[in-house]
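fold the stuff below for me.
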Amino acid sequence: MRKWIAALLLLLVGTTLAACSATDKNSKMDMAILSTSLVTMAPTPTSTPARLPSFEDIIAISVGYNHTVGLKKDGTVVAVGDNSGGQCNVSGWTDIVAISAGYKNTVGLKKDGTVVTVGLNSSSQYDESDWTDIIAISGRGQTVGLKKDGTVVAMLGGDIYDFGQSAVSSWTDIVAISAGYNHIVGLKKDGTVVAVGDNRGGQCNVSGWTDIVAISTGEFHTVGLKKDGTVVATGGNDIFDFGQCDVSGWTDIIAISAGDHHTVGLKKDGTVVAAGQNDEGDCDVSDWVDIVAISAGYLNTVGLKKDGTVVAVGWNEFGQCDVFVLTDIG
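Reported below is the predicted structural model:
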């Protein structure tokens, strides 16, 4: 039966080819019909690919686990990268003065001192709708807010994240905050530093620090910028050591950012230095110039240039490094 069907098909094909070659005119007509049929049979796209936001006129940047967020000078926000938790759904935000990108969430501080959030909310760590009088935010595994009176509020997740971080409610005289995945660090107005939470890597051993002007937390390490432009770091003990604390030789630093397992420093001449894990090129910043702000993430690093554009290096599986200035997109 199958042989008979195959023979019949071959006969039909042969007949069709013979008819097509009868005359040049008929051949062209038949080919046109065939071409039209192929076009008709082609699948029609069911949706238009999402358009990337344009990273221009940026005044602040923040890198989360697998997404990157930029604050524009008009108070709006753009984001690229992993959006599996809705962490990039920031297109409707307005009047934003500060941003912080977390694991699968993004937090924005509005100019009226309230906070907006988007992203995964499975453990309630991203519901800060009742916060007021906030002047700074930080969020990675938890979200922390600094109030204008120098006290601190925190929205923690379930028990899986509980390493005693709720102790921040007793802090006073705080001028800056930084939240790691499971630890929180605060800079006091006298230049000393306090920390609570997970200390498995030694990341909370900051009690002896003095003359600190800025702080930043990674997954298992904490970094402090001293007023003389040098940098101190703690953590990364034993299995958590990726070289992210090898910053003792840094000088002329004006800003710092701790990624998961690497550390980045901005020098006063606009160049950048980095130390730590570099599996995905996240520390390949030696050729950067004219940088005014930095942010280190999981396996990538982002820099803000003085012209308001953004550069990025490192892992880009989710498009978290696609921080382009788009033109001709109308």
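
for stretch 107-114, what is the average pLDDT?
Mean per-residue pLDDT for stretch 107-114: 97.

now the helices for this protein?
Under the criterion DSSP state H, the chain contains helices at 2-20, 24-41.

lowest average pLDDT across those?
Sorting the helices of the chain by mean pLDDT places helix 24-41 lowest, at a mean of 36.

CA atoms only for stretch 112-131, dumped as CSV, please.
Output of stretch 112-131 as CSV, limited to C-alpha atoms (Å, rounded to 0.1, in the frame of the first residue of the first chain):
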residue,chain,number,x,y,z
ASP,A,112,8.0,62.5,49.2
GLY,A,113,9.8,59.9,51.4
THR,A,114,7.6,56.9,50.5
VAL,A,115,8.8,53.7,48.8
VAL,A,116,7.5,51.7,45.9
THR,A,117,8.5,48.1,45.0
VAL,A,118,8.0,45.5,42.3
GLY,A,119,9.0,41.9,42.1
LEU,A,120,8.7,38.6,43.8
ASN,A,121,6.7,38.9,47.0
SER,A,122,6.6,35.3,48.2
SER,A,123,8.1,36.1,51.6
SER,A,124,6.6,39.6,52.1
GLN,A,125,10.0,41.2,52.1
TYR,A,126,9.0,43.7,49.4
ASP,A,127,5.9,45.3,51.0
GLU,A,128,7.0,48.8,52.2
SER,A,129,3.8,50.6,51.3
ASP,A,130,3.4,52.1,54.8
TRP,A,131,7.0,53.4,55.1
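
and Phe69, how many residues sit next to it?
Small correction: residue 69 is Val, not Phe. Using other CB atoms under 10 Å, Val69 is surrounded by 29 other residues. Where C-beta positions appear, they are placed from N, C-alpha and C, glycine not excepted.

identify the residues contacting it.
By CB atoms under 8 Å, 6 or more residues apart in numbering, the contact list for Val69 reads 61-63, 77-79, 88, 90, 99, 101, 106.

from these, which is closest to Val247?
When those are compared for distance to Val247 (CB to CB), Val63 comes out closest, at 18.7 Å.

is that closest one in a bridge, and if so with what?
Bridge pairing for Val63 (DSSP bridges) gives the partners Thr68.

wait, it touches Phe318, no?
No: using CB atoms under 8 Å, Val63 is not in contact with Phe318; the gap is 11.8 Å.

neighbour count for the two, which is higher?
Comparing Val63 with Phe318 by neighbour count (other CB under 10 Å), the higher total belongs to Val63, at 28 against 18.

export the contacts of Val69 to JSON lines and tack on distance to Val302?
Shown next, in JSON lines, are the contacts of Val69 (distance: CB to CB, whole Å):
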{"residue": "Ile61", "distance to Val302": "5"}
{"residue": "Ser62", "distance to Val302": "8"}
{"residue": "Val63", "distance to Val302": "5"}
{"residue": "Val77", "distance to Val302": "14"}
{"residue": "Val78", "distance to Val302": "12"}
{"residue": "Ala79", "distance to Val302": "12"}
{"residue": "Cys88", "distance to Val302": "15"}
{"residue": "Val90", "distance to Val302": "16"}
{"residue": "Ile99", "distance to Val302": "12"}
{"residue": "Ala101", "distance to Val302": "10"}
{"residue": "Thr106", "distance to Val302": "14"}
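
which of these lies closest to Gly197?
Checking those against Gly197 with CB to CB, the nearest one is Ala101 at 19.3 Å.

and the residue lying closest to the closest one once chain neighbours are set aside, how many neighbours?
Nearest residue to Ala101, sequence neighbours excluded (CB to CB, 6 or more residues apart in numbering): Gly64, at 3.2 Å. Gly64 is flanked by 28 other residues according to other CB under 10 Å.
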